[in-house]
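>>> test case, fold it:
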Amino acid sequence: QVQLVESGGGLVQAGGSVRLSCAASGGTFSSYASGWFRQAPGKEREFVAHISWSGSSGSTSYGDSVKGRFTISRDNGKNTVYLQMNSLKPEDTAVYYCNAWAPGNDYWGQGTQVTVSS
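Numbering: from 1, shown residues only. Got it, this is the predicted structure:
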């Protein structure tokens, strides 16, 4: 059983930057692919970024709305996944969720709020 705890959210002005962290415990974190999703009020959960498990050289992918602005990375030694968010826009306002996935296992954190003011 993997537990995920997100941190780093808060209030930021448009054009600013925030780094989210997702700390994992209770499992072999490096065996899991990891990702970030977000959900704004009244909207469905949206894919933000994904990073593969360490065995496949940490390949990444991004949602179209964040490409070129957000960067996902992981530090398996610290059991942590990061999401560096730059050039933030008001439409990036949402609760951001961390996810860890392996065949037969799918874990989610509780989410962290990011609010971007215009």
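>>> how near is residue 91 to residue 69?
Residue 91 sits 11 Å away from residue 69, going by CB to CB, to the nearest Å. Any C-beta I mention is one placed from the backbone N, CA and C, and that applies to glycine too.
>>> what about those two, which has more around it?
Using other CB atoms under 10 Å, the more surrounded residue of residue 91 and residue 69 is residue 69, with 15 against 11.
>>> now that one. Nearest residue, chain neighbours left out?
residue 87 (4.7 Å; CB to CB, 6 or more residues apart in numbering).
>>> would you list the phi and psi of the one you found?
Torsion angles at residue 87 (phi, psi; degrees, to the nearest 10) stand at phi 50, psi 50.
>>> same question for residue 43.
Backbone torsions of residue 43, given as degrees, to the nearest 10, read phi -120, psi 160.
>>> mind checking pLDDT for it?
With respect to pLDDT, residue 43 has a value of 96.
>>> can you tell me which residues contact it?
residue 94 (CB atoms under 8 Å, 6 or more residues apart in numbering).
>>> pLDDT weak spots in this structure?
Applying pLDDT under 70 to the chain flags the ranges 55-57.
>>> what about the strands in it?
In the chain, the strands defined using DSSP state E lie at 3-7, 10-13, 18-25, 33-39, 46-51, 60-62, 70-75, 80-85, 94-102, 105-108, 112-117.
>>> make JSON lines from these and add mean neighbour count to it.
Below are these laid out as JSON lines (neighbours: other CB atoms under 10 Å):
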{"stretch": "strand 3-7", "mean neighbour count": "18"}
{"stretch": "strand 10-13", "mean neighbour count": "12"}
{"stretch": "strand 18-25", "mean neighbour count": "19"}
{"stretch": "strand 33-39", "mean neighbour count": "22"}
{"stretch": "strand 46-51", "mean neighbour count": "20"}
{"stretch": "strand 60-62", "mean neighbour count": "15"}
{"stretch": "strand 70-75", "mean neighbour count": "18"}
{"stretch": "strand 80-85", "mean neighbour count": "23"}
{"stretch": "strand 94-102", "mean neighbour count": "21"}
{"stretch": "strand 105-108", "mean neighbour count": "14"}
{"stretch": "strand 112-117", "mean neighbour count": "17"}
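>>> nothing else from me, thank you.
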